[in-house]
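Trainee: Okay, predicted coordinates and the sequence, questions at the end:
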Amino acid sequence: MENSNLEHLRHSCAHLLAAAVLSIWPDTEITLGPAIENGFYYDFDFGDVKISDTDLNKIDKRMHDIVKKWDVFQKREITPEEARDMFKGNPYKLEIIEGIVKKEEKITLYKSGDFEDLCRGGHIHEPKKELQFFKLLSVAGAYWRGSENNPMLTRIYGTCFATKDDLDKHLWELEEAKKRDHRKLGKELELFFIDEVVGKGLVMWLPKGTILRDLIEELARKMEKEAGYLRVVTPHIAKEELFLTSGHLPYYKDSMFPPMVMDDGTYYLKGMNCPHHHRIFLHGVRSYRELPLRLAEYGTCFRNELSGTLSGLLRVREMAMNDAHIYCRKDQIKSEFAGVLKLTIAYFKLFGLKDYWFRLSKWDPKHTEKYINEPENWKFSEQMIREVMVEMNLPFKEIENEAAFYGPKVDIQFRSVIGKEESMSTIQLDFAAKKRFNLTYIDEKGEPNNEVFVIHRAPLSVHERFLAFLIEHYAGKFPLWLAPVQIEILPVSDVFLDKAYEVEKVFLSKGIRAHVNAQQLTLGKKIRVATLQKVPYMGIMGQKEVDAPVLSLSVRSREGVETPMQPLELFISTLIQTIENHS
RNA sequence: GCCCUGAUAGUUUAGUGGUAAAACAAGCCCUUGGUAAGGGCUAGAGUGUGGGUCCGAUUCCCACUCAGGGCUCCA
């Protein structure tokens, strides 16, 4: 109930925004303005007028002026003829009207103050009283009806709440989210950067960021090894023929980098690892005894994303995928699929991730150009996955038109701290590869059998995307086992520098990432620096520690700033234990 | 790719149609310190790149590059 009130409030606020814009720029064509998850927007065609962020205050002020005269919204129904006449000259409204006419719905207008808009309704009752706590946030371009073939409109985003406290809280949250933005933290913690000389969407991993990457990769190797995967390594490029066989070229040519014409054929950078892995499957005769065959690789993939869509680590042009392909028989599908789900859930637990849900992404028979048109196979494989999900008791939603072109998949959706929904892990069931690649094994009777199903999976997503998520998830305060520097050693003065290096060596020899701050700074300043770098532990080295084999400790979090003295050996052994427990 | 905004020392920012200012970082010096920024000095950018207007451009205009916010897409 409350949610729908908020929706009405925000939609009403969109009306108010349109009214304010019209009163300042009367020649503007208004289009539509819905409530969205955290606010609302309204799309305008300003003609030749250019609107920028600096205009938002002016509009905001006008909204506050106008709303004083707004009483309850008056509804009025009109005929299509009246509607066409009323909005003549506004092609967007006319298009909306024709849409309503086509659906044989009633055309309604809602009016408050002097502003009347085509609208299907859903408003608050006392605008002048309720519409108080709003803020315009940004100006952006948006295509009419989301299609790049349509004109570009100017979209104004805003947010609105029922109380000042709610609004302030939301604005505060937006600020907080900015603070943990992985792009900002990536720079501050010296994890990675994107060099304009190297190129857009191409990540340069610095030593500390590389530690994170390597640790996650090591984790994956270990867990996959235990789960019976075999590691392989394949090239970053391949001949055109491979991607024609896989079907990627016809379906995804636009997302692949342009071809490289060589003296022996045309090559492409791989956008995915599957075709290479399929070729490994095809290397030699496979026996039923080898199935399921699980091939894993942190494979580097390249995608030619539009330059405007690139963003930090979230959308890049070169990425390292936590990839693997499982080749199995029909009767092994369910147990293999379940195995992957279990592995995935184990990973999430390790990282303390809880805010996620499962989505069964299905094909859409209406869009056969996007999918392999084999309805029977779609039906069968979707049902397979559905059964696994139900048997494992995992809650999931079924969504159409989100599948891969070769089969249905389970996507695991996360909510990031910024409130955005991200697709993180994916498990896909591929019924098409066996035919395209002629994947075959010799069965128990010694006969060739083509019933090979492929499960594509990437529980840890892509390095780039997963690290973006982790950086924001932990706000840069990585758990001990992941922290690029686990303990910062702070000599009280230069006199104790040698002793500090000595202790550093002890830590390093035990596999603990220690680092001495050798800068000529006061102890207080060194603590400050280590805190900003979010180092979990600080060990102070001075006369007291020289006299006894102890280390005075300071911990990262403000709570518990106690600084106990601990025998070095004891401290190291507890540290090692904590690291092994991945906490 | 398209729309909007922006680009000034390593970083974060200020500023001006008359030739760039500060903080932090860096180097040196003083301080040799005991738990969240000790003090001083020095060096460091000619204002993203390329054009144009002007006696003169970092400032105005154009193009490009890159970044941010969106649209679209995401095997």
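Mentor: Arrived safely. Numbering: from 1, shown residues only, chains lettered A, B, ... in the order given.

Trainee: for the stretch 301-450 of chain A, what spans make up the strands?
Mentor: A:318-328, A:356-361, A:396-399, A:409-415, A:421-430, A:441-442, A:448-449 (DSSP state E, counting those that start in this stretch).

Trainee: Please identify the deepest-packed of those.
Mentor: Greatest average neighbour count among the strands of the stretch 301-450 of chain A goes to strand A:318-328 (a mean of 23), per mean count of other CB atoms under 10 Å. (C-beta placed from N, C-alpha, C; glycine too.)

Trainee: Pull the distance from that strand to the chain's centre.
Mentor: Taking CA atoms, centre = their mean, to the nearest Å, one finds strand A:318-328 lying 18 Å from the centre of the chain it belongs to.

Trainee: Against which helices or strands is that strand packed?
Mentor: Secondary-structure packing of strand A:318-328 (3 or more CB pairs under 8 Å, 6 or more residues apart in numbering; DSSP states H and E): helix A:207-226, helix A:274-281, strand A:293-302, helix A:333-350, strand A:453-458, helix A:463-474.

Trainee: Just confirm A:Met424 contacts A:Val410, I think it does.
Mentor: No: using CB atoms under 8 Å, A:Met424 makes no contact with A:Val410, being 11.5 Å away.

Trainee: any chance of the strands of the stretch 301-450 of chain A in a markdown table, with distance to A:Asp85 too?
Mentor: A markdown table is the format used below for those (distance: least, CB to CB, whole Å):
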| stretch | distance to A:Asp85 |
| --- | --- |
| strand A:318-328 | 54 |
| strand A:356-361 | 45 |
| strand A:396-399 | 41 |
| strand A:409-415 | 46 |
| strand A:421-430 | 42 |
| strand A:441-442 | 70 |
| strand A:448-449 | 69 |
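
Trainee: rewinding a little: for A:Lys111, which of the helices and strands packed on strand A:318-328 is the nearest?
Mentor: helix A:463-474 (43.8 Å; CB to CB).

Trainee: can you count the residues close to A:Glu472?
Mentor: Neighbourhood size, A:Glu472 [other CB atoms under 10 Å]: 23.

Trainee: Let me know the pLDDT of the nearest residue to A:Ser461 once chain neighbours are set aside.
Mentor: Closest residue to A:Ser461 apart from its sequence neighbours, by CB to CB, 6 or more residues apart in numbering: A:Met424 at 5.0 Å. For A:Met424, the pLDDT comes out at 82.

Trainee: ok, longest helix in chain A?
Mentor: Across chain A, the longest stretch assigned as helix under DSSP state H is helix A:2-24.

Trainee: which non-adjacent residue is nearest A:Asp364?
Mentor: The shortest distance from A:Asp364 to any residue other than its chain neighbours is 3.6 Å, reached at A:Asn401 (CB to CB, 6+ apart).

Trainee: show me what contacts A:Asn149?
Mentor: Neighbouring residues of A:Asn149 by CB atoms under 8 Å, 6 or more residues apart in numbering: A:Tyr143.

Trainee: which ones are touching the residue in the stretch 351-500 of chain A that RNA strand B sits nearest to?
Mentor: Nearest residue of the stretch 351-500 of chain A to RNA strand B, counting by CB to the nearest atom of the strand: A:Ser493, 2.0 Å away. For A:Ser493, the contacting residues are A:Gly542, by CB under 8 Å, 6+ apart.

Trainee: try A:Glu402
Mentor: Contacts of A:Glu402 (CB under 8 Å, 6+ apart): A:359, A:361-362, A:409, A:411.

Trainee: ok so, going back, kindly export the longest helix of chain A (C-alpha atoms) in PDB.
Mentor: Output of helix A:2-24 as PDB, limited to C-alpha atoms (Å, rounded to 0.1, in the frame of the first residue of the first chain):
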ATOM      1  CA  GLU A   2       2.700   2.400   1.000                       C
ATOM      2  CA  ASN A   3       4.600   1.600  -2.200                       C
ATOM      3  CA  SER A   4       1.700   2.500  -4.400                       C
ATOM      4  CA  ASN A   5       1.300   5.800  -2.500                       C
ATOM      5  CA  LEU A   6       4.900   6.600  -3.100                       C
ATOM      6  CA  GLU A   7       4.400   5.800  -6.800                       C
ATOM      7  CA  HIS A   8       1.400   8.100  -6.900                       C
ATOM      8  CA  LEU A   9       3.500  10.800  -5.200                       C
ATOM      9  CA  ARG A  10       6.300  10.500  -7.600                       C
ATOM     10  CA  HIS A  11       4.100  10.300 -10.700                       C
ATOM     11  CA  SER A  12       2.300  13.400  -9.400                       C
ATOM     12  CA  CYS A  13       5.700  15.100  -9.000                       C
ATOM     13  CA  ALA A  14       6.500  14.200 -12.700                       C
ATOM     14  CA  HIS A  15       3.300  16.200 -13.600                       C
ATOM     15  CA  LEU A  16       4.600  19.100 -11.500                       C
ATOM     16  CA  LEU A  17       7.900  18.900 -13.300                       C
ATOM     17  CA  ALA A  18       6.300  19.100 -16.700                       C
ATOM     18  CA  ALA A  19       4.100  22.000 -15.600                       C
ATOM     19  CA  ALA A  20       7.200  23.900 -14.400                       C
ATOM     20  CA  VAL A  21       9.100  23.200 -17.600                       C
ATOM     21  CA  LEU A  22       6.200  24.400 -19.700                       C
ATOM     22  CA  SER A  23       5.800  27.500 -17.700                       C
ATOM     23  CA  ILE A  24       9.500  28.400 -18.300                       C
END
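
Trainee: tell me the mean pLDDT for it?
Mentor: 85.

Trainee: Checking it against RNA strand B, do any of its residues make contact.
Mentor: No: judged by CB under 7 Å from any atom of the strand, helix A:2-24 stays clear of RNA strand B, getting no closer than 14.7 Å.

Trainee: Centre of the chain to that helix, how far?
Mentor: 29 Å.

Trainee: Please spell out which residues along that helix are buried.
Mentor: For helix A:2-24, burial by neighbour count (16 or more other CB atoms under 10 Å) applies to A:6-23.

Trainee: After it, which helix or strand is next?
Mentor: strand A:29-30 (DSSP states H and E).
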